[in-house]
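# I'd like to go over a predicted model; first the sequence, then the structure.
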Amino acid sequence: MPIGKLLIANRGEIAVRINRAAKALGIATVQAVSKADQSMLAATLADEVVEIGPPQASKSYLNKDAILAAAKQSGADAVHPGYGFLAENADFAEAVERAGLTFVGPRPETIRRMGDKARARAIAAASGVPTVPGSEGRVTGIAEARDLARDIGFPLMIKAAAGGGGRGIRVIDSERELEQLIPQASAEALAAFGDGGLYLERFIARARHVEVQILGDGAAVIHLFERECSLQRRRQKVWEEAPAGVLDEATRARLCASAADLARATFYRGAGTLEYLYDESSGEFFFIEMNTRIQVEHPVTEMITGIDLVQEMIRIAAGEPLRLRQSDVRRRGHAIECRICAEDPARGFAPSPGQVTQLSLPEGDGIRFDTMLYQGYVVPPFYDSLLGKLIVWGETRAAALRGIEQALAAMRVDGIHTTIPLHRALAVDADVAALRFHTRWLETWLASNPFALAAS
């Protein structure tokens, strides 16, 4: 069904990104906003703005009824959920379709199947995709978890079945810790996702986090190569790159083919990401989960392929067949993305809302800044701290590193604290330059590099 008017059920930089992609396709936009977001950049870009509730996300961006009412009121015929909030909520996707609207994303049943991390592991294993040794599904209690842990071996991870964003995860080294931490992890998962289900997985201490971007139309599927996301703090991604410099071409080909095969097995529609752990010591990779939405870090893939992922997912949702074949997807050069957040590294990354009194952004070939900022904007205290993503492309990884260093040096965001100093230090770090890092590296680095925590 053609899309004439698109309701954007999200905020911040991704709402800006969707607005621009939709308008490039000639689609009118309706921006849903909370009372706290009436002055955000996406609201100024949209053709229409509809208020959906008070500042609290639970009463606005997570309020299914309010969003559906906004779509009906505005005459929108499609809803784009962005990432976070309701993007991977199968019940919401179902409600959108029941209302006669187009959901810009996978089918509800796909979200339900792949959004349950334990179930997704089982589907991957059945499709011949390697998975980290662990429980075959959800664990039903501490006694079962104890028996499974003895088979899997320590250390292992307790993970939220409906999880994401590092929540509901614990690394444990003993049965005693298992018994103590399972209730904690379940409670955290229940609070974050409305689902306290857990599963167990072997913990790989020095793993690399590598993910594959895919596009599908429900029948055909292609991959758009991989990204490395190993630089993480508290299991939240901080810095992303494409391609993953740690992979050789043979491993890259196997990894990307496995992701496309798994997406094909689920008759995937839209943009999605399959996440893997890569064990550099053995050369093995293991599927861990699928994100049934656009990812925060999608711009690095766009920069090396030249393909607009948000436009493609809108086209697919409108019923168009996939326009690209695998042979059409070529990668060129290297791209690095830094997540710029309103946080103060000098105070344990405490949130730093407030007014942006002066804004100066880098410009030049190969530089992109996806953001919601403008000079004078007041960053509200109610939501995620992400302000934007600085992306730099270069012919080589070394060139991209030099470019990101120069772009960060030219960037100025006054009035609030940001994570720019952290990224400036990472951009010149010898281990980062030599690809000597893994998913736990940044935590250790932060503890031993206090100079990187200087306030911006």
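Ah, there it is.
# can you tell me how far the residue lying closest to residue 375 once chain neighbours are set aside sits from residue 411?
Excluding the flanking residues, the one nearest residue 375 by C-beta to C-beta, 6 or more residues apart in numbering is residue 359, at 4.4 Å. Just so you know, the C-beta spots here come from the backbone N, C-alpha and C atoms, and that holds for glycine as well. Using C-beta to C-beta, to the nearest Å, residue 359 is found at 9 Å from residue 411.
# of those two, who's got more company?
residue 411 (21 against 16; other C-beta atoms under 10 Å).
# which residues touch residue 246?
208, 210, 228, 278, 280, 435 (C-beta atoms under 8 Å, 6 or more residues apart in numbering).
# Spell out which residues make up each domain of this structure.
5-104, 133-202, 208-453 (automatic domain parsing).
# Buried deepest among those domains, which one?
Ranked by mean neighbour count, the domains of the chain are led by domain 5-104 with a mean of 21 (mean count of other C-beta atoms under 10 Å).
# looking at the domains of the chain, which is closest to residue 110?
Proximity to residue 110 (C-beta to C-beta) singles out domain 208-453 among the domains of the chain, at 5.6 Å.
# Show me how far the closest one is from its chain's centre.
8 Å (C-alpha atoms, centre = their mean, to the nearest Å).
# Residue 61: what's it in contact with?
By C-beta under 8 Å, 6+ apart, the neighbours of residue 61 are 9, 10, 11, 32, 34, 52, 67, 85, 86.
# any idea which strand is longest in the chain?
Taking DSSP state E as the criterion, the chain has its longest strand at strand 221-233.
# Parallel or antiparallel, list what pairs with that one.
strand 208-217 (antiparallel), strand 236-242 (antiparallel) (DSSP bridges).
# Format the ones you listed as a markdown table; extra columns: distance to residue 96.
Converted to a markdown table, these look like this (distance: least, C-beta to C-beta, whole Å):
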| stretch | distance to residue 96 |
| --- | --- |
| strand 208-217 | 19 |
| strand 236-242 | 28 |
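# can these go into CSV with extra columns for distance to residue 248 and mean pLDDT?
Below are the strands paired with strand 221-233 laid out as CSV (distance: least, C-beta to C-beta, whole Å; pLDDT from 0 to 100):
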stretch, distance to residue 248, mean pLDDT
strand 208-217, 13, 98
strand 236-242, 16, 97
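# Distance of residue 353 relative to residue 38?
Taking C-beta to C-beta, one finds residue 353 at 16 Å from residue 38.
# before we move on, what about residue 131?
Distance from residue 131 to residue 38, by C-beta to C-beta: 45 Å.
# Pick out the residue nearest the middle of this protein.
residue 295 (3.6 Å; C-alpha atoms, centre = their mean).
# list the contacts for that one?
83, 211, 213, 273 are the contacts of residue 295 under C-beta under 8 Å, 6+ apart.
# out of those, who's nearest residue 1?
For the contacts of residue 295, the nearest to residue 1 is residue 83 (23.5 Å; C-beta to C-beta).
# hang on, residue 66 packs against residue 50?
No - here residue 66 lies out of contact with residue 50, judged by C-beta atoms under 8 Å, at a distance of 9.2 Å.
# Residue 433 and residue 260, how far apart?
Where residue 260 is concerned, residue 433 sits at a distance of 31 Å (C-beta to C-beta).
# Okay, helices next: where are they in the stretch 51-200 of the chain?
Under the criterion DSSP state H, counting those that start in this stretch, the stretch 51-200 of the chain contains helices at 64-74, 90-98, 108-115, 117-126, 142-152, 175-193.
# These into a markdown table, with extra columns for mean pLDDT and distance to residue 56?
Formatted as a markdown table, those follow (pLDDT from 0 to 100; distance: least, C-beta to C-beta, whole Å):
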| stretch | mean pLDDT | distance to residue 56 |
| --- | --- | --- |
| helix 64-74 | 98 | 12 |
| helix 90-98 | 98 | 18 |
| helix 108-115 | 95 | 24 |
| helix 117-126 | 88 | 27 |
| helix 142-152 | 90 | 34 |
| helix 175-193 | 89 | 15 |
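# Show me the one of the ones you listed that comes nearest residue 28.
That would be helix 64-74 among those, by C-beta to C-beta, at 9.3 Å.
# That closest one packs against which elements?
Applying 3 or more C-beta pairs under 8 Å, 6 or more residues apart in numbering; DSSP states H and E, one finds that helix 64-74 makes contact with strand 5-8, strand 28-34, strand 48-53, helix 90-98.
# Turn the ones you listed into JSON lines, columns for distance to residue 418.
JSON lines is the format used below for the helices and strands packed on helix 64-74 (distance: least, C-beta to C-beta, whole Å):
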{"stretch": "strand 5-8", "distance to residue 418": "25"}
{"stretch": "strand 28-34", "distance to residue 418": "23"}
{"stretch": "strand 48-53", "distance to residue 418": "27"}
{"stretch": "helix 90-98", "distance to residue 418": "32"}
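# quick one, which of those is nearest to residue 142?
helix 90-98 (28.5 Å).
# elements contacting the closest one?
helix 64-74, strand 102-103, helix 108-115.
# hmm, who's touching that helix?
64, 67-68, 71, 79, 81, 86, 102-103, 105-109, 111-112, 115.
# now that helix, how far from the chain's geometric center?
21 Å.
# now the angle from it to helix 108-115?
170 degrees (axes from the mean of the first three to the mean of the last three C-alpha atoms, to 10 degrees).
# What distance do you get for the closest residue to residue 305 other than its chain neighbours to residue 258?
Taking C-beta to C-beta, 6+ apart, and ignoring the residues beside it in sequence, residue 305 has residue 224 as its nearest neighbour in space, at 5.3 Å. Residue 224 is 15 Å from residue 258, where distance means C-beta to C-beta.
# Check residue 345 too.
37 Å.
# and what of residue 419?
For residue 419, the distance to residue 258 - C-beta to C-beta - is 33 Å.
# Over to residue 274?
Applying C-beta to C-beta to residue 274 and residue 258 gives a distance of 8 Å.
# got any residues that touch both of those two?
By C-beta under 8 Å, 6+ apart, the residues touching both residue 274 and residue 258 are residue 287.
# Dump the contacts of residue 295 into CSV; add distance to residue 406 as well.
Below are the contacts of residue 295 laid out as CSV (distance: C-beta to C-beta, whole Å):
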residue, distance to residue 406
83, 29
211, 27
213, 27
273, 29
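# Just the strands from the stretch 301-450 of the chain, written as ranges.
334-341, 343-344, 350-351, 354-355, 358-360, 367-371, 378-379, 386-394, 412-414 (DSSP state E, counting those that start in this stretch).
# neighbouring strands for the fifth one, and are they parallel or not?
Spelled out, that is strand 358-360. In its sheet, and by DSSP bridges, strand 358-360 pairs with strand 412-414 (antiparallel).
# same thing with the third one?
When pairs are called by DSSP bridges, strand 350-351 turns out to pair with strand 343-344 (antiparallel).
# tell me the mean pLDDT over the strand it pairs with?
What strand 343-344 shows for mean pLDDT is 96.
# which residues in the stretch 201-350 of the chain form helices?
According to DSSP H, counting those that start in this stretch, the helices that the stretch 201-350 of the chain contains are 249-265, 298-305, 309-317.
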